[in-house]
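# From the sequence below, what's the structure:
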Amino acid sequence: MKFIHYLEKTTGVDIYGIAAFLIFFSFFIAAVIWAIKADKKMMDEMNQLPLK
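Numbers count the residues shown, from 1 in each chain. The predicted structure follows:
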């Protein structure tokens with residue numbers, strides 16, 4: 001029996017997919033907000049780090 005068949009028979013397993021999506025989406029939105037609000041001088045310093 002394949003693993004997917006176990007998931008089909010388990011009740012409430014759909015909440016894990018929704019929870020994983022919400023965690024990923026909230027992390028992505030937080031990263032975008034941080035990138036927009038970040039100090040430009042700090043971003044320039046971080047940009048130059050690989051070249052130093």
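# next SSE after the helix or strand in which residue 29 is found?
For residue 29, the enclosing helix or strand under DSSP states H and E is helix 14-37. The first helix or strand that comes after helix 14-37 along the chain, using DSSP H and E, is helix 40-48.
# mind checking how far that following helix is from the chain centre?
23 Å (CA atoms, centre = their mean, to the nearest Å).
# do stretch 19-29 as well
The mean C-alpha position of stretch 19-29 is separated from the chain mean by 5 Å, CA atoms, centre = their mean.
# Can I get it in PDB? Just the C-alpha atoms.
Output of stretch 19-29 as PDB, limited to C-alpha atoms (Å, rounded to 0.1, in the frame of the first residue of the first chain):
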ATOM      1  CA  ALA A  19      -0.700  25.100   7.700                       C
ATOM      2  CA  ALA A  20       2.400  24.600   5.600                       C
ATOM      3  CA  PHE A  21       1.100  27.000   3.000                       C
ATOM      4  CA  LEU A  22       0.300  29.600   5.600                       C
ATOM      5  CA  ILE A  23       3.700  29.300   7.200                       C
ATOM      6  CA  PHE A  24       5.500  29.600   3.900                       C
ATOM      7  CA  PHE A  25       3.300  32.500   2.800                       C
ATOM      8  CA  SER A  26       3.700  34.500   6.000                       C
ATOM      9  CA  PHE A  27       7.500  34.000   5.900                       C
ATOM     10  CA  PHE A  28       7.600  35.200   2.300                       C
ATOM     11  CA  ILE A  29       5.500  38.300   3.100                       C
END
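# Quick one: mean pLDDT for it?
Mean per-residue pLDDT for stretch 19-29: 96.
# how near is the residue positioned nearest the centre of the chain to residue 8?
Nearest residue to the geometric centre of the chain (CA atoms, centre = their mean): residue 24, 3.2 Å. Residue 24 sits 23 Å away from residue 8, going by CB to CB, to the nearest Å. Using the backbone N, CA and C atoms, a C-beta is placed for each residue, glycine as well.
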